[in-house]
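1. compute the structure for the input listed below.
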Amino acid sequence: MTDKLKIEALCIDAIKNLTNKYKDDDYMIQRIYNHMVTYLPNTLKTEYKNHEKRLNRNNYLSEEQQIFIQVFLSKNKYYYLPNNIFYEYDGDRYLIVKEDDIIHKLLSTISKDGVLLQWKYKTKSIIIKQIKERSLFCSIPETDTIQNVLNMLYPSFFTSKNSAKYFLTILGDNILKKNLNQIFLVSQKMKQFLTEIDSVALASIGHNGTTNNFMTKYHENHSYEHCRLIKINENFSINVWRELLKKIGLDLLCVAAHYSKRYENSDKFIENKADEELCNYSYYLKNTSQNEIVNDFCNKYIVEVSDDLQMEWKNIHFVWKQFLSNSCLPNVIYSNTLKTILKEKYGLYDEINDTFIGITSKYLPTHSNFIKFWENTISVDINSNSTINTFDNELEIDELASLFKEWSKNNLSNGTISEENILKILIHFFPTIEIIEDKYVLNITSNMWNKLNDIDNSLVYIKEQILADHNLALISFDDIYNYYCKFCKSNSLQFLVSKRYFEKYLYFKLADHIVYEKFINTSIFLSSL
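-> The predicted structure follows:
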């Protein structure tokens, strides 16, 4: 029996029970009659009408609520992540917002609309629940947002727009935890770039290790099959990058997640969207064996000659580093493995002298000449920091290049060498030398140029010039340096010290007479220096 039939039966039984109970009481029978026949129909009719009104009202409010929710969530693109952070996308930028601000806007909109006032808090709860079900990474960025991110990355950091898209897709794969077991080999400079992204990701989306599969060093346990290469313009400023990420770091992460979904994953992007150059570079290790890499190196950098010529292993290793640098490759073969492959390839190897016989390299003469220049003209002061009140000597990389060029003229050799190569040679062959900022080589002197003597000699000339034409109590460092330059020109001195070095010497020599940081009291020049 259905519930309706049960209720009907109970009603009939109730009336029967009442009439049976009062069957001998005429008054009560009359009252039952009046209630059942006179009052009950009108009461039920009224209740029926009120019920219909409530149903119609509820249906109307329910429809209005659905429309309101749909329109509100369409106009206000709020999203959520399980780190209990709410986000808003205005069609241009992604922003972190407070839940209280969303609720305030929501309740204010309901109050302004007026229709859902009775269902105000019920509607609020439904909308907040729906927002929490909308993941930030389900949002689709507008074209302007995507272009803003790409314009930030290209051409400042990446050489092509496709390279920037590929990088974003990799980040998106990591954010969405696609776990493709890939390793992306990058330069040490790019690691700084990635560290800033990690910081932004942790702060904005609660994601830790967004760039964990980016590595600066190859390990022999890494399979070439899983290795990918990425390169970046390395002349970027980390401070500029940090400021850019503060502005649109969240946009970058959202676009990255969008690209990962759009292209499925980074490998699919390479296969379906990348140009040949990007594809070949990214997949270089995936498509190339160790022996093929070494053969490419030998074809480009090694020349087989008569057995009279020999090439030391340390020189081969240096040329190998040049090959890697020029090819934008990380060091993907350990030195012992490389040596073993070369032994098998060339056969003649002198174990005692660690020398390969019958090979040379066109890249060898320049750096060999530079090493000769260094050994013949440069002195290293290993005790420079042990003496108090001693001026620390240094030479700049560009000064070494100029000195080498002059030395080469007198030694009938090639004197053209870049500052970058000088730096590589010093790091490789003279690892104990102290170099700061990739520019200043500390605690060394040259027998071709005594920088301190030149400055000391110039001070006599400077004193004469100041006494002749300078009437002020103070003279600036700039003016003194200009006098120094005139002295060098009038005496046909070939090399001039940099303004930085000159000022460093003034701070050492005339420390007690310096005022306002960059001025010297001219009274010092009235006495002997």
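2. show the average pLDDT along the strand or helix carrying Leu150.
-> Counting by DSSP states H and E, the element that carries Leu150 is helix 143-153. For helix 143-153, mean pLDDT is 95.
3. and it, what other elements does it pack with?
-> Under the contact criterion of 3 or more CB pairs under 8 Å, 6 or more residues apart in numbering; DSSP states H and E, helix 143-153 touches helix 161-175, helix 238-263. Where you see a C-beta, it was placed from the backbone N, CA and C, and this is true even at glycine.
4. chain center to it: distance?
-> Relative to its chain's centre, helix 143-153 lies at 16 Å (CA atoms, centre = their mean, to the nearest Å).
5. picking that back up, relative to Ala201, which of the helices and strands packed on helix 143-153 is closest?
-> Closest approach to Ala201 among the helices and strands packed on helix 143-153 is made by helix 238-263 (6.0 Å; CB to CB).
6. ok, back up a step: just the C-alphas of the helix holding Leu150, formatted as PDB.
-> Extracted in PDB, the C-alpha atoms of helix 143-153 (Å, rounded to 0.1, in the frame of the first residue of the first chain):
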ATOM      1  CA  THR A 143      44.800  36.100 -25.100                       C
ATOM      2  CA  ASP A 144      46.000  39.300 -23.500                       C
ATOM      3  CA  THR A 145      47.200  37.400 -20.400                       C
ATOM      4  CA  ILE A 146      49.000  34.800 -22.400                       C
ATOM      5  CA  GLN A 147      50.700  37.500 -24.600                       C
ATOM      6  CA  ASN A 148      51.800  39.400 -21.500                       C
ATOM      7  CA  VAL A 149      53.500  36.400 -20.100                       C
ATOM      8  CA  LEU A 150      55.100  35.500 -23.400                       C
ATOM      9  CA  ASN A 151      56.300  39.100 -23.900                       C
ATOM     10  CA  MET A 152      57.900  38.900 -20.500                       C
ATOM     11  CA  LEU A 153      59.900  35.700 -21.500                       C
END
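7. now for the nearest residue to Leu18 once chain neighbours are set aside: which residues touch it?
-> Nearest residue to Leu18 in three dimensions, chain neighbours excluded: Ile32, at 5.7 Å (CB to CB, 6 or more residues apart in numbering). The contact partners of Ile32, by CB atoms under 8 Å, 6 or more residues apart in numbering, come to Ile15, Leu18, Thr19, Tyr22.
8. of those residues, which is the nearest to Ile69?
-> For these, the nearest to Ile69 is Ile15 (47.4 Å; CB to CB).
9. what residues of the host helix or strand of that closest one count as buried?
-> Per DSSP H and E, Ile15 falls inside helix 3-21. Of all the residues in helix 3-21, those buried under the rule 16 or more other CB atoms under 10 Å are Leu18.
10. helices or strands next to that helix in the packing?
-> When contacts are defined as 3+ CB pairs under 8 Å, 6+ apart, helix 3-21 sits against helix 26-33.
11. so after the helix it packs on, what's the next helix or strand?
-> helix 40-75.
12. which residues does the closest residue to Asp144 other than its chain neighbours contact?
-> Among residues not flanking Asp144 along the chain, Asp92 sits closest, at 5.7 Å (CB to CB, 6+ apart). Contact analysis of Asp92 by CB under 8 Å, 6+ apart lists Glu142, Asp144, Thr145, Asn148.
13. pretty sure the second one sits against Gly91.
-> Yes: using CB atoms under 8 Å, Asp144 is in contact with Gly91, at 7.5 Å.
14. may I see the buried residues of stretch 156-175?
-> Buried residues in stretch 156-175, counted by 16+ other CB under 10 Å: 156-158, 162-175.
15. that's all I had, so thanks and see you.
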